[in-house]
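Asker: Curious how this folds, go ahead:
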Amino acid sequence: MFSQSTRITEHIRADSATVWRLLTTAEEYPRWNSTVVSMEGRIALGSKIKLVSTLDPSRTFSLKVEEFEPNERLTFGGAMLRRTCSLGGDAGGTRVEIVERIGGPIFPFIARMIPPLAENFERFTADLKRAAEAVAP
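Answerer: Just a heads-up that it's a prediction; the model follows:
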């Protein structure tokens, strides 16, 4: 299968419940996350959300919550996209790993239209870190 993956890991000085709360409250994403224009829907197993990203504000991504393991793992999926956020205990906080895979049979034909994602991931994790640490006890 043709695909592209982006991965980032970050240590956040907050417990996993704090990080999880940020990751699973859709209406709050635009408040703390500079990579998101809007997010609608409820983040729960099997539910669907609508996401507008700063990478392409003219496009709405319809995503389904495919995995939902509280304080541990959250996966959103769409036609050619799958993003997984994994949380784990880390000394003095939470280790967050985010992996996004874009791919499928037509990927070679659209790959040149996909912008580089590394900077977007760095902003996302920096925003998550800042927001979680700001409310951590």
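Asker: Please point out which parts of the longest helix along the chain sit buried.
Answerer: As assigned by DSSP state H, the longest helix anywhere in the chain is helix 118-135. For helix 118-135, a neighbour-count test (16 or more other C-beta atoms under 10 Å) marks 120-121, 124-125, 127-129, 131-132 as buried. Heads up, the C-betas are built off the backbone N, CA and C, glycines and all.
Asker: Lowest mean pLDDT among the helices and strands of the protein, which one is it?
Answerer: Within the chain, confidence by mean pLDDT, DSSP states H and E is lowest for helix 107-110 among all helices and strands, at a mean of 57.
Asker: Below-threshold pLDDT in this structure: ranges please.
Answerer: Scanning the chain for pLDDT under 70 picks out 1, 3-4, 103-118, 137.
Asker: Mind jotting down where the helices sit in the protein?
Answerer: Taking DSSP H as the test, the helices found in the chain are 16-23, 29-32, 107-110, 118-135.
Asker: who wins for proximity to residue 48 among those helices?
Answerer: With C-beta to C-beta as the measure, helix 29-32 is the member of these nearest residue 48 (15.2 Å).
Asker: Would you mind listing the buried residues in that closest one?
Answerer: Residues of helix 29-32 classed as buried by neighbour count (16+ other C-beta under 10 Å): 29, 32.
Asker: Tabulate the helices of the chain in a markdown table, adding columns for distance to residue 87.
Answerer: Putting the helices of the chain into a markdown table (distance: least, C-beta to C-beta, whole Å) gives the following:
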| stretch | distance to residue 87 |
| --- | --- |
| helix 16-23 | 5 |
| helix 29-32 | 16 |
| helix 107-110 | 29 |
| helix 118-135 | 10 |
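Asker: All the strands of the protein, residue numbers only.
Answerer: Applying DSSP state E to the chain gives strands spanning 3-12, 36-41, 48-53, 60-69, 73-77, 81-90, 93-103.
Asker: is it possible to export these to JSON lines including mean neighbour count and distance to residue 30?
Answerer: Below are the strands of the chain laid out as JSON lines (neighbours: other C-beta atoms under 10 Å; distance: least, C-beta to C-beta, whole Å):
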{"stretch": "strand 3-12", "mean neighbour count": "15", "distance to residue 30": "20"}
{"stretch": "strand 36-41", "mean neighbour count": "16", "distance to residue 30": "5"}
{"stretch": "strand 48-53", "mean neighbour count": "17", "distance to residue 30": "9"}
{"stretch": "strand 60-69", "mean neighbour count": "16", "distance to residue 30": "14"}
{"stretch": "strand 73-77", "mean neighbour count": "18", "distance to residue 30": "16"}
{"stretch": "strand 81-90", "mean neighbour count": "17", "distance to residue 30": "17"}
{"stretch": "strand 93-103", "mean neighbour count": "19", "distance to residue 30": "18"}
